[in-house]
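Novice: From the sequence below, what's the structure:
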Amino acid sequence: MKRNISTFATPEMLGEECQKVAKLWGERATKDPENPACAWTDSPIIQQYYIHPTISGKKDANWFIWVKDNFFPKPAERALSLGCGDGCLERHGALIDVFKKCDAFDISPEAVEIAKKKAEELGISEKVNYGISDINKIALKKHYYDVVFCAMSMHHFENLEHVLSEIEGSLIDGGLFIINEYIGPNRFQWYDKQLETANDIFQLLADKYRFDPTTKNIKQRIERVPVAHMLATDPSEAVRSVDIIPLIEKRFDILKRVDYGGTLVNPVLENVIVNFDEHKPEDMTILKLIFYIEKLLIQEHVLQTDFSLIISKKRKPHR
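Specialist: You can find the predicted model right below:
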């Protein structure tokens, strides 16, 4: 497949801050599989009993399968994945025939190498072309892709106006732009009402559910992570997450938006979700009540959704 992106990079070409981000995500891509930390979106229980049913209506059909079933009756000719990490989306897309060919780019050389290796192991290397790129400065070939994906990556892009302009220009007429994203408060600085409600729920949980395996202690409260700490560890984290939807709406026509919460479930269950057992009725009753409370408060506009799946279409030019 001919390379069509002009901003390939080597680690040495990345700026100091970009190198910090690249290093962090390289470490995460190679993390110990026994690491007890568990993001709420990675939990099989939350996926099967909350996220998947909210998006697809089916316990065992994730968002990508739903997108495939509803928007890709036949494979797209050319796809693009920005912020691909270790290549999970591309592997899934290749195996279920979402696309025939896909370019995929990430800032982390380590993550890209893992993605390449896993693609080779699955025998899909001919379908996926991986490369290193600082997405904030990316330049894309015009009128080339049928679909562009950003899966939990766009909230790490600071130069959103540039990135969205490049995505828009790279799409063919009628091309799709699909994101599955965190769109909540910048830097995960929970809103006061959100944090207050999350703690009200958290304080009701028994100690056995509040054990944090990352600290080996009973977690007492949910606190905002100091911005200074976030900047020191990952300056790209949720850098402009609240701007994502308004800026997309300026450039694209939204065909479908599915909000799936995370407003309470994320802060309440981050890491401690591992204490819940799918096969214990008491555990599942507690989780389902938390899911219900979150959905109700979002539906009643008491709280906003923090995560959303959005399928948008390149807007027709004015004549």
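Novice: what number of residues lie near Leu204?
Specialist: Burial of Leu204 is recorded as 12 neighbouring residues (other CB atoms under 10 Å). Just so you know, the C-beta spots here come from the backbone N, C-alpha and C atoms, and that holds for glycine as well.
Novice: And for the one 4 residues further on?
Specialist: By the measure other CB under 10 Å, the count of residues near Lys208 is 11.
Novice: Ok, Ser312 next?
Specialist: For Ser312, the number of neighbouring residues by other CB under 10 Å comes to 22.
Novice: Can you classify Val180 as helix, strand or coil?
Specialist: Just to correct that, residue 180 is Asn rather than Val. In the three-state summary, Asn180 is assigned as strand, counting by DSSP: H, G, I helix; E, B strand; the rest coil.
Novice: how close does it sit to Ser81?
Specialist: 12 Å (CB to CB, to the nearest Å).
Novice: where do the contact lists of these two overlap?
Specialist: Where contact means CB atoms under 8 Å, 6 or more residues apart in numbering, the residues bridging Asn180 and Ser81 through contact with each are 150-151.
Novice: Just the strands from the stretch 1-150 of the chain, written as ranges.
Specialist: 76-82, 99-106, 128-132, 145-151 (DSSP state E, counting those that start in this stretch).
Novice: what's the closest of these to Ile55?
Specialist: Checking the strands of the stretch 1-150 of the chain against Ile55 by CB to CB gives strand 145-151 as the closest, at 13.0 Å.
Novice: and the next helix or strand after that closest one, what does it pack onto?
Specialist: Per DSSP states H and E, the first helix or strand lying C-terminal to strand 145-151 is helix 160-170. Other helices and strands packing on helix 160-170, by 3 or more CB pairs under 8 Å, 6 or more residues apart in numbering; DSSP states H and E, are strand 76-82, strand 145-151, helix 244-251.
Novice: Give me the angle between the longest one and strand 145-151.
Specialist: In other words, helix 244-251. Computed with axes from the mean of the first three to the mean of the last three CA atoms, to 10 degrees, the direction of helix 244-251 lies at 170 degrees from that of strand 145-151.
Novice: Give me the distance from helix 244-251 to the chain's centre.
Specialist: In terms of CA atoms, centre = their mean, to the nearest Å, the centre of helix 244-251 is found 17 Å from the chain centre.
Novice: What is it packed up against?
Specialist: Judged by 3+ CB pairs under 8 Å, 6+ apart, the packing partners of helix 244-251 are helix 160-170, strand 171-182, strand 307-314.
Novice: Identify whichever of these lies nearest to Asp103.
Specialist: Asp103 lies closest, by CB to CB, to one member of those: helix 160-170, at 9.8 Å.
Novice: Need the phi and psi values for the closest residue to Ile45 other than its chain neighbours.
Specialist: Using CB to CB, 6 or more residues apart in numbering and skipping residues adjacent in sequence, the residue nearest Ile45 is Glu278, 5.2 Å away. The phi and psi torsions at Glu278 (degrees, to the nearest 10) take the values phi -60, psi -30.
Novice: and Glu278, what is it in contact with?
Specialist: Neighbours of Glu278 in contact, by CB under 8 Å, 6+ apart: 44-45, 284.
Novice: Mean confidence (pLDDT) on stretch 88-108, please.
Specialist: When the per-residue pLDDT values of stretch 88-108 are averaged, the result is 97.
Novice: Between the two ends of that stretch, how far is it?
Specialist: Distances were taken as CA to CA, to the nearest Å; on that basis the terminal residues of stretch 88-108 are 14 Å apart.
Novice: Now that stretch: buried residues?
Specialist: With burial defined by 16 or more other CB atoms under 10 Å, the residues of stretch 88-108 counted as buried are 89-91, 93-94, 98-99, 101-108.
Novice: Let me know the closest of those residues to Tyr130.
Specialist: Where the buried residues of stretch 88-108 are concerned, and distances follow CB to CB, Tyr130 has its nearest neighbour in Ala104, at 5.2 Å.
Novice: mind checking which helix or strand of the chain has the lowest mean pLDDT?
Specialist: helix 16-29 (a mean of 55; mean pLDDT, DSSP states H and E).
Novice: Surely Ser165 and Arg251 touch.
Specialist: Yes - Ser165 lies in contact with Arg251 (CB atoms under 8 Å); the separation is 7.5 Å.
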